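>>> from the sequence below, what's the structure:
(chains A and B)
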2 protein chains.
Amino acid sequence: MHSPANILDVPRSVTTLLAAELASRRADVSNIDPRLGELVDHLITFTLQGGKRLRPQFLIWGWRAVRPDSEELQPALLRAAASLELIQTCALMHDDIIDRSETRRGEPSTHRAVTKGHAGQGLSGDGDHFGTSLALLLGDLALAWADDMFTEAALALGRAKEAMPVWRAMRTEVLAGQMLDVATAAANHSDPALQAADAMAVNRYKTAAYTVERPLHLGATLAGGSEAVIAALRSYGEDIGIAFQLRDDQLGVFGEPSITGKPAGDDLVEGKRTLLLARARADLEGMPELAELDAGIGAVADAQRVGRLTSIIAGTTAVQQIESCIAELHTSGVAALADPSVDRAAATALTLLAAAATTRTF
Amino acid sequence: MHSPANILDVPRSVTTLLAAELASRRADVSNIDPRLGELVDHLITFTLQGGKRLRPQFLIWGWRAVRPDSEELQPALLRAAASLELIQTCALMHDDIIDRSETRRGEPSTHRAVTKGHAGQGLSGDGDHFGTSLALLLGDLALAWADDMFTEAALALGRAKEAMPVWRAMRTEVLAGQMLDVATAAANHSDPALQAADAMAVNRYKTAAYTVERPLHLGATLAGGSEAVIAALRSYGEDIGIAFQLRDDQLGVFGEPSITGKPAGDDLVEGKRTLLLARARADLEGMPELAELDAGIGAVADAQRVGRLTSIIAGTTAVQQIESCIAELHTSGVAALADPSVDRAAATALTLLAAAATTRTF
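Okay, the predicted model is just below:
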């Protein structure tokens, strides 16, 4: 037996648990056919390299906000928390196919890594399509395994009936958010106000709900929390989740590649339609830079031209507007923790996590 | 309230239940953003058009083999059965992306249908990639919703703990089977014996287990069946499932397009590496037709050249070998139902379903 995990050591405990769980799933797949083990290794490496483990931490602090009684983590609770990282694996693998991203966390994205393997092993057929097909299926496997882990954990905790509607809502939201991202990109509004509204809808569902609000909601529900504590945590979660995504958008333009693991100005290269971009475009109305920005977004790749777009955005008030937005959301989110239903130690931890999520540099 | 569904009317009851369930899920998604409703309609139409409902029927007869006491179907049991159709929706949507299939059930495949909508609505960007991206996400949604439906149903039946390991095995198997299909196609063995072994491994996991064996296993487990009845049903299921796939392979070469809803010789156009093809290749060893067949598979599309490949295969003993295989599997599968643990009425129904699954023309 492992010694019980400590509440302050969630990221490491999650990684340890995922390593054991995925080794067992790899064995299942290798029993079906030994050749599949190597392919599943892409899923395992990807998942174990994931860093911050924010979603599991939020789930566990959602639980702790209701049940502050123990420093030890029950294995089933840790299992429920860890399952969120497999949802994330699916979301990122499929997102990278959709965005045709070459890299993720400083490494080749999964479809690219599988394509490289295709060439290396002298396989036949279209290597790019091979990579995409297998990354698609590996993402499906991660989604199915996430469901298995969460459901088993919720059953073990005796709260499956209560938690399943929240789990269902979370997965529907993140997938709907991804669909909305694709649909709004294709709609390609030129009106900055419509563009801003679209960006916020995508932020809300694709990232915010599933990164902060729903993990907290799941944790509190698994703990049998009251309506009051769930409302307070969700209110915090919605604000901090959106602030988290707005920080991500800033990093997508101004982030340091050696820290973010993504190319400089990655969002500009990909043509991501963020709130930052919408605000910059509003600011540039009637100016020649607007046409230059619109022509370049999603169409440039070389460092110099990406740098030019970056400096156009930096020259607007958009960056400061987004910083103000993040600060306001941070303040209102943390204020929701003052509700007496929320345990004080959990409120302190969530205040620290809010700062980490909104001021991070990667 | 609807009147209780009758055991002999499973396909229609499943479709009715899916229509209600998916309307409710569509409302969830439309609440997130009204623009998403139309996209989800692709998932709904696709799922409701699905015809034979074989998997739900096997799940329900698995239950009935253990509990022959009522002609009425509990709503939760029907719900568990219907969830299998959403797994199928995911599998087919993702398969069509992987196989780059233009059509499915006589209609445009989902990614093609979404691409057509992209052009029709004058959206911007790459329409093909738009279609692929949304079909990928709609498949994910179907997989997540299948999990929701099954888990809720298993909880309502009070058998979630027992059923979840079977549910987990089924989804891992079907996804592993799809991965194996992609991997073995790329490995592209020219040795007919290796090719035959690969084809059988893919048949076993991609189709057989998840079409017959696991649905029966799920139904019997939800009913609290003994080890004996589960073993008998699984033995039947493995044989009939493989026979089902071998029939599919025959139809993929010799099927009538107006009945199958697929183009003539579709498997030859797609380059599907079936047992039928492996056996034909073994038969043609040393003959000029082997080179002609190998050059044409997956590389021809016009009717005349597809017709030529079809007649090369028809000229071998492969068709008769596969028919013998199907007949043997049918016989051994049905024989397993003689086990006294299996209810006699259920055995009769499963005997009829075995005939339908292995002699079908679409």
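>>> helices or strands up against the helix or strand harbouring A:Leu180?
Using DSSP states H and E, A:Leu180 falls within helix A:160-187. Counting contacts by 3 or more CB pairs under 8 Å, 6 or more residues apart in numbering or on different chains; DSSP states H and E, helix A:160-187 packs against helix A:75-98, helix A:127-156, helix A:192-202, helix A:214-222, helix B:10-32, helix B:36-49, helix B:127-156. Any C-beta I mention is one placed from the backbone N, CA and C, and that applies to glycine too.
>>> immediately after the first one, which helix or strand?
Sequence-wise, the next helix or strand downstream of helix A:75-98 (DSSP H and E) is strand A:103-104.
>>> quick one: average confidence on that following strand?
Confidence for strand A:103-104, expressed as mean pLDDT, is 85.
>>> now do stretch A:75-90
Mean pLDDT, stretch A:75-90: 97.
>>> please export the C-alpha coordinates of it as CSV.
The C-alpha atoms that make up stretch A:75-90 are tabulated as CSV, following Å, rounded to 0.1, in the frame of the first residue of the first chain:
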residue,chain,number,x,y,z
PRO,A,75,-7.8,7.1,-2.7
ALA,A,76,-11.3,7.4,-4.3
LEU,A,77,-11.3,11.2,-4.0
LEU,A,78,-7.8,11.4,-5.6
ARG,A,79,-9.1,9.1,-8.3
ALA,A,80,-12.0,11.3,-9.1
ALA,A,81,-9.7,14.3,-9.2
ALA,A,82,-7.1,12.6,-11.4
SER,A,83,-9.8,11.6,-13.9
LEU,A,84,-10.1,15.3,-14.9
GLU,A,85,-6.5,15.1,-16.3
LEU,A,86,-7.7,12.5,-18.8
ILE,A,87,-10.5,14.7,-20.0
GLN,A,88,-7.8,17.3,-20.5
THR,A,89,-5.7,14.9,-22.5
CYS,A,90,-8.7,14.2,-24.8
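>>> relative to the whole chain's centre, how far out is it?
13 Å (CA atoms, centre = their mean, to the nearest Å).
>>> related to what we said a few turns ago, return the most buried member of the helices and strands packed on helix A:160-187.
Of all these, helix A:214-222 has the most neighbours on average by mean count of other CB atoms under 10 Å in any protein chain shown, namely a mean of 29.
>>> do that one and chain B come into contact?
No. Using CB under 8 Å from any CB of the partner chain, helix A:214-222 stays clear of chain B, coming no nearer than 13.0 Å.
>>> now do that helix: everything it contacts.
A:55-56, A:58-66, A:77, A:80-81, A:84, A:154, A:157, A:159, A:162-163, A:166-167, A:169-170, A:173, A:229-230, A:233-234, A:236-237 (CB atoms under 8 Å, 6 or more residues apart in numbering or on different chains).
>>> quick one: average confidence on that helix?
Per-region confidence: helix A:214-222 scores 98 on mean pLDDT.
>>> can you pull out the helices in the stretch 251-362 of chain A?
With DSSP state H, counting those that start in this stretch as the criterion, the stretch 251-362 of chain A has helices at A:257-260, A:266-270, A:275-283, A:288-296, A:303-314, A:318-336, A:344-359.
>>> out of the ones you listed, which is closest to A:Ile44?
Among these, the nearest to A:Ile44 by CB to CB is helix A:257-260 (23.2 Å).
>>> mean confidence score for that closest one?
On average, helix A:257-260 scores 82.
>>> please identify the buried residues of it?
Neighbour-count burial for helix A:257-260 flags A:Thr260 (criterion: 16 or more other CB atoms under 10 Å in any protein chain shown).
>>> CA atoms only: put that helix into PDB for me.
This file holds the C-alpha atoms of helix A:257-260, laid out as PDB (Å, rounded to 0.1, in the frame of the first residue of the first chain):
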ATOM      1  CA  PRO A 257       8.200  30.600 -25.500                       C
ATOM      2  CA  SER A 258      10.900  29.100 -23.300                       C
ATOM      3  CA  ILE A 259       8.400  29.200 -20.400                       C
ATOM      4  CA  THR A 260       5.000  28.600 -22.100                       C
END
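>>> run through who's touching it.
Residues external to helix A:257-260 that are found in contact with it (CB under 8 Å, 6+ apart): A:251, A:263-264, A:266, A:361-362.
>>> export these to a markdown table and tack on neighbour count and pLDDT?
As requested, the contacts of helix A:257-260 are exported to a markdown table (neighbours: other CB atoms under 10 Å in any protein chain shown; pLDDT from 0 to 100):
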| residue | neighbour count | pLDDT |
| --- | --- | --- |
| A:Leu251 | 18 | 93 |
| A:Pro263 | 19 | 80 |
| A:Ala264 | 18 | 83 |
| A:Asp266 | 21 | 88 |
| A:Thr361 | 10 | 75 |
| A:Phe362 | 15 | 72 |
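>>> quick check, nearest of those residues to chain B?
A:Asp266 (18.0 Å; CB to the nearest CB).
>>> shouldn't that closest one be in contact with A:Asp249?
No. Counting by CB atoms under 8 Å, A:Asp266 sits too far from A:Asp249 to count as a contact (10.9 Å).
>>> got any ranges where chain A has weak pLDDT?
Within chain A, the stretches with pLDDT under 70 are A:1-5.
>>> mind redoing it with 50?
A:1-2 (pLDDT under 50).
>>> would you map out the domains in it?
Per the record, chain A has its domains at A:1-158, A:160-362, by automatic domain parsing.
>>> A:Ala278 against A:Ala196, yeah?
Yes. Between A:Ala278 and A:Ala196 there is a contact under CB under 8 Å: 3.9 Å.
>>> nearest to A:Asp343, out of the helices and strands packed on helix A:160-187?
helix A:214-222 (10.7 Å).
>>> enumerate the residues of the stretch 251-362 of chain A near chain B.
Counting by CB under 8 Å from any CB, no residue of the stretch 251-362 of chain A is near chain B.
>>> one more time with 10 Å, if that's ok
Residues of the stretch 251-362 of chain A found near chain B (CB under 10 Å from any CB of the partner chain) are A:271, A:298.
>>> A:Leu54 and A:Thr211 touch, don't they?
Yes. Under the criterion of CB atoms under 10 Å, A:Leu54 makes contact with A:Thr211 at 6.4 Å.
>>> common neighbours of those two, please.
A:84, A:88, A:244, A:357 (CB atoms under 10 Å, 6 or more residues apart in numbering or on different chains).
>>> state the distance from A:Ala232 to A:Thr358.
18 Å (CB to CB, to the nearest Å).
>>> let me fix that: A:Phe130
Distance, A:Phe130 to A:Thr358, using CB to CB: 40 Å.
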